[in-house]
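S.K.: Compute the structure for the input listed below.
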Amino acid sequence: MSSSSKAHKSSRSTAEQAPDISITTDDEVHLHTAGYAESSEREVINSMARFRSSPLDFIREVSLHVSGTGWRSYDDIVGQPIFYSGFSENMKSMVLSNPMLVSKVRELADKRVEVEAKEGLLGEAVMNGKDGVGSGDRKRRRREMIEESLMEVAETLTDNMICKMESKRFIRGAYYLATQLLTRAYHQGVHVSSEEVLRLRRVAEQAAKSKHSIIFLPCHRSHVDYVSLQIICYRLGLALPTVVSGDNLNFPVLGSFLQHAGAMWIRRSFGDDQLYQTLVQAYIDTLLQNGFNLECFVEGGRSRTGKLLPPKFGILSYMLDSVASGRVGDAIICPVSTQYDKVIEVESYISELLGQPKPKENLLDFLSASSVLSLKLGRVDVRFHEPWSLRKFIGEQQGRFSKLPQQLDAKDQRIRLLRTLGFKVLSEINDVSVVMPTALVGTVLLTLRGRGVGKTELIRRVEWLSDRVRAQGGRVAHFAGLPTSAVVDRALEVLGPGLVGLVPGLPEETFYAVDRFQLSFYRNMTIHLFILQSLVSAALYTSVKQGGAPVHQRISFADLRLQVSFLSQLFRGEFIFPTEGLDYNLSKTLALLEADNVIKVARNPATSSSEEGQIEWVELSDAEREQGRENFDFYCFLIWPFIEAAWLGAVSLLMLTPPAGHIAKESWLPLKNVQDRAQLLGKTLYHQGDLSYFEAVNKETLRNTYQRFEEDGMVLVAKSKDKNSPTTVRLADEWLPQRDASGKLKAEGPLWLFAERISVSRREGKNRRDGATVQTRVLSLAEMVGRDLWAEGAAMEARDREAEQMAAKAKKRRGKTKLVVPAAKL
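M.R.: Purely as a prediction, here's the structure:
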């Protein structure tokens with residue numbers, strides 16, 4: 001092991017052993033040698049009882065927060081001053097005077113004047129390009145009017161956008177309210193590592209001296225993410241960050257509250273609005289130039305599946321440009337992991353993933369989601385990666401670019417910088433994430449064969465999984481040295497009977513997964529640690545599933561590498577892989593699996609005494625076979641739902657084959673309709689036994705799959721600039737399946753072979769076997785669902801043609817009217 005990797009493991013070990021700080025409902029911050037606040041639940045109950053039995057004491061407690069005594073005063077913070085009267089107006093003034101914004105307003109005004117001049121709206125002399133008397137004045141006056149109008153628009157947009165943290169009294173009250181709500185829902189409190197917090201304070205002190213901003217980049221699984229980080233910063237005396245927030249949460253009452261507590265509102269999509277784009281950049285520049293802390297979710301929206309989403313580069317690109325351009329000297333990046341025993345919104349996530357439309361955010365739903373007095377959701381664990389300089393990162397990357405044999409242009413460099421930054425942050429979030437007890441229990445329940453599991457076996461497998469997490473360099477949430485049985489009991493209590501059932505009347509407590517789809521959210525919190533082992537196991541499974549003697553279940557290294565490479569490419573947008581490359585990662589993973597006695601490898605004779613021979617064959621170890629393949633199956637069970645989803649995505653492309661007798665060569669279908677029908681196809685395949693995992697029909701994974709198909713040129717996607725026109729899709733010509741003489745789809749061609757390549761790694765159990773019968777059934781079902789899809793498309797095309805004809809007729813009538821009027825006047 002290299003010294004750097006030893007240091008890395010050492011730092012992980014230290015971080016896991018460091019005491020935890022917990023923030024609960026009382027006035028104290030608690031230090032725990034191993035993270036579990038035994039008294040926190042009692043404190044919640046006592047606090048609620050105090051409100052009922054002694055309302056005057058409760059009111060006095062609230063008044064202490066509002067008036068600001070002791071630590072509540074929030075006076076001696078680390079960072080730039082924010083809370084003073086007139087802060088918002090000062091911020092607005094700095095944004096509106098930003099040179100970039102002023103220049104953009106002038107540019108837009110100039111363009112508009114030129115357009116109006118060409119259209120004759122400024123007078124005939126200007127239209128004809130002549131310098132008539134007063135034409136220059138008319139242009140100048142019109143330009144000034146447009147500039148003034150644009151600045152008025154910019155002022156309104158700025159006022160709606162910027163955060164308005166200018167009242168300490170309000171912030172103190174907001175902190176108290178948020179803490180009471182959050183720590184009643186998460187009754188074991190909000191936990192952070194004392195070591196990480198002390199390190200963060202040291203970095204913040206240095207950043208404050210240099211007037212550099214700290215940019216917090218957390219993962220995003222819940223609305224609680226930004227609440228918990230604000231509470232931590234407040235309680236530990238760090239300047240509150242401005243939180244980049246989608247304006248879908250800017251609804252009456254709550255929107256104003258959040259804006260005064262730190263939210264800046266931005267549109268979900270900027271479109272081609274150049275003024276708005278420049279205004280956002282001007283605001284980001286202003287925040288970073290003045291050293292104000294910032295918080296942005298690198299994934300964009302909340303993850304509905306439990307694992308990290310691919311990075312979104314919108315706001316991230318604005319922050320990168322601020323520093324890369326030199327307008328901002330430097331900023332400090334701090335990746336943040338927020339993990340939960342239970343996520344409040346998971347039930348609504350499942351509805352969305354199954355195709356239910358996402359409800360519009362409103363105050364009633366928000367409050368009902370925050371009706372937390374009766375909830376017991378365990379705890380929140382927030383972990384901070386070691387912060388680093390964005391300026392230094394940019395310099396290092398540009399240094400690497402300069403050494404490339406083929407030089408990149410400025411645009412390619414920027415794209416490469418953004419991608420590297422996004423995936424670096426996600427990787428570091430994974431590095432510091434802790435695996436919660438609910439994730440351990442959920443993972444075990446979904447990776448065991450059989451209907452249920454006894455309590456003894458559940459505890460054994462949770463202990464095994466905890467050891468595997470640590471061996472992979474991951475962290476397991478500590479619970480004050482409690483025995484595993486107690487940790488499992490707490491996890492089962494938090495998950496509740498709606499997710500994990502108990503079979504009554506048996507000699508041993510036996511548990512089973514009630515809602516596998518919801519439990520998959522918690523299982524997905526662990527998959528990043530084992531993704532390489534899972535891919536290797538799924539590739540080996542292509543031989544293991546054949547059965548027979550062990551010699552028939554081995555796979556050649558060449559075939560294994562081919563399938564691992566194929567699966568890695570298939571899931572490149574789904575998971576975050578180590579950057580060392582396929583051969584290095586494969587070699588390392590095989591060595592780990594061999595050391596764990598899951599597999600054994602046969603090597604060619606070494607060419608020298610100092611070298612190992614090349615791997616020729618890979619197969620399951622004798623020990624793994626003797627114990628019923630439980631470890632090998634574990635890795636397969638982790639990846640199988642995603643393989644099923646990818647197979648479903650590939651099979652659903654068969655629906656894009658034009659019906660028999662279809663004349664038009666290029667026929668496009670609305671992408672949303674196609675993905676909705678793909679979900680319907682998946683649900684049918686599941687209930688008919690041809691799809692093993694219901695979670696494979698989830699919308700988010702299907703969307704990622706279609707994105708991958710588009711990148712590989714399997715489908716062509718046309719995005720309309722008109723927001724009222726849908727995005728459309730069609731199969732690329734070379735991927736179109738053929739039909740036989742009777743008009744039925746043939747089980748051949750590149751698309752079918754691609755689906756078959758995925759299928760060889762799919763789980764095959766006693767309820768499903770691959771074969772000609774399944775092949776015929778899948779093809780006919782895809783054809784059946786596809787017919788309805790094409791009928792919808794034809795009806796939509798007919799409506800569009802009718803609308804175009806009516807518009808053309810109306811335009812013609814308007815044209816005739818315009819011709820008649822001047823003639824009558826003559």
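
S.K.: Neighbours of the residue nearest to N290 when sequence neighbours are not counted, how many?
M.R.: Distances taken as CB to CB, 6 or more residues apart in numbering put Q80 closest to N290, at 6.2 Å, once the chain neighbours are dropped. Where you see a C-beta, it was placed from the backbone N, CA and C, and this is true even at glycine. Counted with other CB atoms under 10 Å, the neighbours of Q80 add up to 16.

S.K.: Doesn't Q80 lie inside a helix?
M.R.: No. Using DSSP: H, G, I helix; E, B strand; the rest coil, the secondary structure at Q80 is coil, not a helix.

S.K.: Pretty sure it sits against G291.
M.R.: Yes. Counting by CB atoms under 8 Å, G291 is a contact partner of Q80 at 4.6 Å.

S.K.: Now list whatever residues contact both of these two.
M.R.: Contact criterion CB atoms under 8 Å, 6 or more residues apart in numbering; residues shared by Q80 and G291: 208, 211.

S.K.: ends of stretch 728-743, how far apart?
M.R.: 25 Å (CA to CA, to the nearest Å).

S.K.: I'd like the average pLDDT over that stretch.
M.R.: Here stretch 728-743 scores 91 as its mean pLDDT.

S.K.: what's the answer for stretch 340-359, then?
M.R.: Rounded mean pLDDT across stretch 340-359 is 84.

S.K.: Please identify the buried residues of that stretch?
M.R.: 340-346, 349-350, 352-353 (16 or more other CB atoms under 10 Å).

S.K.: Nearest the middle, which residue of this structure would you pick?
M.R.: Central residue of the chain (CA atoms, centre = their mean): L309, 3.0 Å from the mean position.

S.K.: Which residue is the nearest non-sequential neighbour of that one?
M.R.: E299 (4.0 Å).

S.K.: Tell me how far the closest residue to L519 other than its chain neighbours lies from K672.
M.R.: What sits nearest to L519 in space, not counting adjacent residues and going by CB to CB, 6+ apart, is G442, at 4.5 Å. From G442 across to K672, the span is 31 Å (CB to CB, to the nearest Å).

S.K.: Which of the two has more residues huddled nearby?
M.R.: Each of G442 and K672 has its neighbours counted (other CB under 10 Å); G442 has more, 27 against 12.

S.K.: Let me know the helix or strand that that one is in.
M.R.: helix 437-446 (DSSP states H and E).

S.K.: ok, residues contacting that helix?
M.R.: 339-342, 378, 453, 458, 461-462, 465-466, 469, 476-477, 479, 487-488, 490-492, 494-495, 499-500, 511-513, 516, 519-523, 525-526, 637-638.

S.K.: same check, this time on stretch 282-290
M.R.: By CB under 8 Å, 6+ apart, stretch 282-290 touches 80, 91, 94-95, 98, 100-101, 158, 161-162, 211, 213, 242, 264, 294, 315, 318-319, 322-323, 327-328, 331.

S.K.: per-residue pLDDT, G132?
M.R.: 50.

S.K.: typo on my end, it should be K721
M.R.: Note on K721: pLDDT of 72.

S.K.: count of neighbours near the closest residue in space to it that isn't next to it in sequence?
M.R.: Leaving aside its chain neighbours, K721 sits nearest to D272 (7.5 Å; criterion: CB to CB, 6+ apart). When counting by other CB under 10 Å, one arrives at 7 neighbours for D272.

S.K.: repeat for Y186
M.R.: 28.

S.K.: Would you mind confirming that it makes contact with T338?
M.R.: No. Counting by CB under 8 Å, Y186 sits too far from T338 to count as a contact (11.2 Å).

S.K.: Could you pull out the residues contacting both of these two?
M.R.: Common neighbours of Y186 and T338 (CB under 8 Å, 6+ apart) are 224, 380.

S.K.: Partner strands of the longest strand anywhere in the chain and their direction?
M.R.: Taking DSSP state E as the criterion, the chain has its longest strand at strand 331-340. Sheet pairing for strand 331-340, assigned by DSSP bridges, gives strand 213-218 (parallel), strand 380-384 (antiparallel), strand 388-389 (antiparallel).

S.K.: report the angle between the axes of that strand and helix 437-446?
M.R.: Angle of strand 331-340 versus helix 437-446, following axes from the mean of the first three to the mean of the last three CA atoms, to 10 degrees, is 60 degrees.

S.K.: pull the CA atoms of strand 331-340 into CSV?
M.R.: Output of strand 331-340 as CSV, limited to C-alpha atoms (Å, rounded to 0.1, in the frame of the first residue of the first chain):
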residue,chain,number,x,y,z
ALA,A,331,-13.3,30.5,-3.3
ILE,A,332,-13.1,27.5,-0.9
ILE,A,333,-15.0,24.4,-2.0
CYS,A,334,-16.5,22.2,0.8
PRO,A,335,-18.3,19.0,-0.3
VAL,A,336,-21.0,18.0,2.3
SER,A,337,-22.8,14.7,2.9
THR,A,338,-26.1,14.6,4.6
GLN,A,339,-27.5,11.2,5.6
TYR,A,340,-30.7,10.3,7.3
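
S.K.: Show the pLDDT at P252.
M.R.: 82.

S.K.: Phi first, then psi, for it.
M.R.: phi -50, psi 150 (degrees, to the nearest 10).

S.K.: Tell me how far the closest residue to V462 other than its chain neighbours lies from D596.
M.R.: Distances taken as CB to CB, 6+ apart put L440 closest to V462, at 5.0 Å, once the chain neighbours are dropped. Using CB to CB, we find L440 at a distance of 18 Å from D596.

S.K.: out of those two, which sits in the busier spot?
M.R.: L440 (28 against 15).

S.K.: So the more buried one versus R379, what's the distance?
M.R.: Taking CB to CB, one finds L440 at 14 Å from R379.

S.K.: One more: K588?
M.R.: Counting by CB to CB - K588 and R379 are separated by 34 Å.

S.K.: These two: who's more crowded?
M.R.: Using other CB under 10 Å, the more surrounded residue of K588 and R379 is R379, with 28 against 13.

S.K.: That one contacts L182, doesn't it?
M.R.: No. In this structure, R379 is not within contact of L182 by CB under 8 Å, at 10.6 Å.

S.K.: so what sits against both of those two?
M.R.: The contact lists of R379 and L182 share V190, where a contact means CB under 8 Å, 6+ apart.

S.K.: which residue ranges form the helices in the stretch 301-450 of the chain?
M.R.: Ranges of helices in the stretch 301-450 of the chain, per DSSP state H, counting those that start in this stretch, are 314-324, 346-353, 363-369, 390-402, 410-432, 437-446.

S.K.: Need the CA coordinates for stretch 210-224. CSV is fine.
M.R.: C-alpha atoms of stretch 210-224 as CSV (Å, rounded to 0.1, in the frame of the first residue of the first chain):
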residue,chain,number,x,y,z
SER,A,210,-8.8,36.7,3.0
LYS,A,211,-12.4,37.6,2.2
HIS,A,212,-12.9,34.3,0.4
SER,A,213,-16.3,32.6,0.3
ILE,A,214,-16.9,29.0,1.4
ILE,A,215,-19.0,27.2,-1.2
PHE,A,216,-20.8,24.4,0.5
LEU,A,217,-21.8,21.7,-2.0
PRO,A,218,-24.0,19.1,-0.3
CYS,A,219,-25.8,16.1,-1.8
HIS,A,220,-29.6,16.5,-2.1
ARG,A,221,-32.1,14.0,-0.8
SER,A,222,-34.5,16.1,1.1
HIS,A,223,-35.7,19.6,1.9
VAL,A,224,-34.1,19.0,5.3
